[in-house]
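Colleague: what shape does this take:
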Amino acid sequence: MHFAHDGRDPQAVLRQLVGRVQANPNINVYLESELAETGGFVGNFSSTLNTPDGPRSLRHGVVIVATGAREYRGADYGFGSDPRIVTQQQFERRLAAAEALPDTVVMIQCVGPAEQYCSRICCTAALKNALKLKELRPEAQVMVLYKDIRVYGFKERLYTEARRRGVLFIRYDDAHPPRLAHGFGDTDGRLTVHAWDPALRREIVLTPDLVALSMPAIPPAGVGRLASMLRVPVDANGFFLEAHVKLRPVDFAAEGMFMAGMAHYPKLLDEAIVQAKAAASRAATILARKTLPVGGRVAVVDPTLCTACLTCVRICPYHVPQIRPDHAGAGGIIGAAYIEPAVCQGCGICASECPARAIQVQNYTDDQMIAKVDALFEAAPIQIGGPL
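Modeller: Numbers count the residues shown, from 1 in each chain. Presented below is the predicted three-dimensional model:
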């Protein structure tokens, strides 16, 4: 990003932040490195990084996933086949350089994956670039072909200002998407955009100097592998899924793991900064403690009954149970299930499914629950109703 919709310089903010990070002796930065493996639990994670200098092992108390996102660069609307067909990111770079500015621009919204989900930032980026072009070249013509303009909150002022400055908006629907043609022919090699105008109820033909495609933000490559390594969920679009949208918006279901920024979902810069602060605050509540308390409702394995059948490993939604080869199971067999108390959520699924009944939930064992049920039915009946 080269300029913000409110006039601020994000590059200056970025340079300042990079300088503060590099100058902090408590921060180690590993560039051109990849997470090879990770394991452990809250307060006691261990990870291995593949760095240019070789493998590096780290121990850490929490994990914050901030993998960001990338601009979709598919071949929709002929992208990649003509230098006059660009993305909004590429167009913004051209506007920042203030060179080779076009006289006429057509912007097409909801491209590629954005037809399935709203990327949230595309409309704001398009309006920001349209206003910047109008600022640099007031006589330029800008036409925005859109399904639905979504500039939530005070950013709707951008839409109002764009209309005031003469930016034209033409709505299209799924039955009448824009069509783009380019090459030599009747238009002498100019770009040609065919769009349906619902007000005129007829097709109009536009011949812009430049077509700017509002490509959505999509997860970066390797997110699926990272999610499997961390054992955390992603949504249908490949973004990381929070534990609860309102109660735990920056937490994963696994304790000690948090998310921030576009790793969670496409969002504007100020929203990403706020979420990063929230994730850092949540992480600090763990790192500030000398010891971590463990809840009393955790599953406990009796290895003398365990047959290492893997039922608990397969069924646990939090991926906590594991077969430890250093534990002896039933009959002295090598390998028995082990459940780390600091990670166990106490849901009891493993205890209810264990065929050997080798797992019990602490303070909610079978004997305790049976005794409670017996006491309930042995109690004197309570009379309800009767004469006043």
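Colleague: in stretch 68-80, which residues are buried?
Modeller: Buried residues in stretch 68-80, defined by neighbour count with 16 or more other Cβ atoms under 10 Å: 69, 71, 72, 76, 77, 78, 79. Where C-beta positions appear, they are placed from N, C-alpha and C, glycine not excepted.
Colleague: scratch that, stretch 41-48 is what I was asking about
Modeller: 41, 42, 43, 45, 47.
Colleague: got the contact list for it?
Modeller: Residues outside stretch 41-48 that contact it (Cβ atoms under 8 Å, 6 or more residues apart in numbering): 35-40, 55-63, 254-257, 286, 289, 292, 340, 342-343.
Colleague: and the helices in the stretch 51-200 of the chain, which stretches?
Modeller: Counting by DSSP state H, counting those that start in this stretch, one finds helices in the stretch 51-200 of the chain at the ranges 88-97, 122-136, 156-164.
Colleague: and the shortest one, what does it pack against?
Modeller: The elements that helix 156-164 packs onto, with contact taken as 3 or more Cβ pairs under 8 Å, 6 or more residues apart in numbering; DSSP states H and E, are helix 122-136.
Colleague: what helices or strands is the helix it packs on leaning on?
Modeller: If you count contacts as 3+ Cβ pairs under 8 Å, 6+ apart, helix 122-136 packs onto helix 88-97, strand 104-108, strand 141-146, helix 156-164.
Colleague: repeat that for 10 Å
Modeller: Packing contacts for helix 122-136, counted by 3 or more Cβ pairs under 10 Å, 6 or more residues apart in numbering; DSSP states H and E, involve helix 88-97, strand 104-108, strand 141-146, helix 156-164, strand 168-171, strand 210-213.
Colleague: pLDDT weak spots in the chain?
Modeller: Low-confidence segments of the chain (pLDDT under 70): 182-188, 295, 379-388.
Colleague: how does it look with 50?
Modeller: 184-186 (pLDDT under 50).
Colleague: show me which helix runs longest in it.
Modeller: Longest helix of the chain, by residue count under DSSP state H: helix 269-287.
Colleague: now could you export just the CA positions of it as CSV?
Modeller: The C-alpha coordinates for helix 269-287 follow below in CSV (Å, rounded to 0.1, in the frame of the first residue of the first chain):
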residue,chain,number,x,y,z
LEU,A,269,-5.0,-1.6,7.7
ASP,A,270,-6.4,0.0,10.8
GLU,A,271,-8.5,-3.1,11.5
ALA,A,272,-5.4,-5.3,11.2
ILE,A,273,-3.5,-3.1,13.6
VAL,A,274,-6.3,-3.2,16.2
GLN,A,275,-6.5,-7.0,15.9
ALA,A,276,-2.7,-7.3,16.2
LYS,A,277,-2.8,-5.3,19.4
ALA,A,278,-5.6,-7.6,20.7
ALA,A,279,-3.6,-10.7,19.9
ALA,A,280,-0.5,-9.2,21.6
SER,A,281,-2.6,-8.4,24.7
ARG,A,282,-4.0,-11.9,24.8
ALA,A,283,-0.5,-13.4,24.5
ALA,A,284,0.8,-11.1,27.2
THR,A,285,-1.8,-12.5,29.7
ILE,A,286,0.0,-15.9,29.3
LEU,A,287,3.6,-14.7,29.1
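Colleague: can you give me the buried ones in it?
Modeller: By neighbour count with 16+ other Cβ under 10 Å, helix 269-287 contains the buried residues 269, 271, 272, 275, 276, 278, 279, 282, 283.
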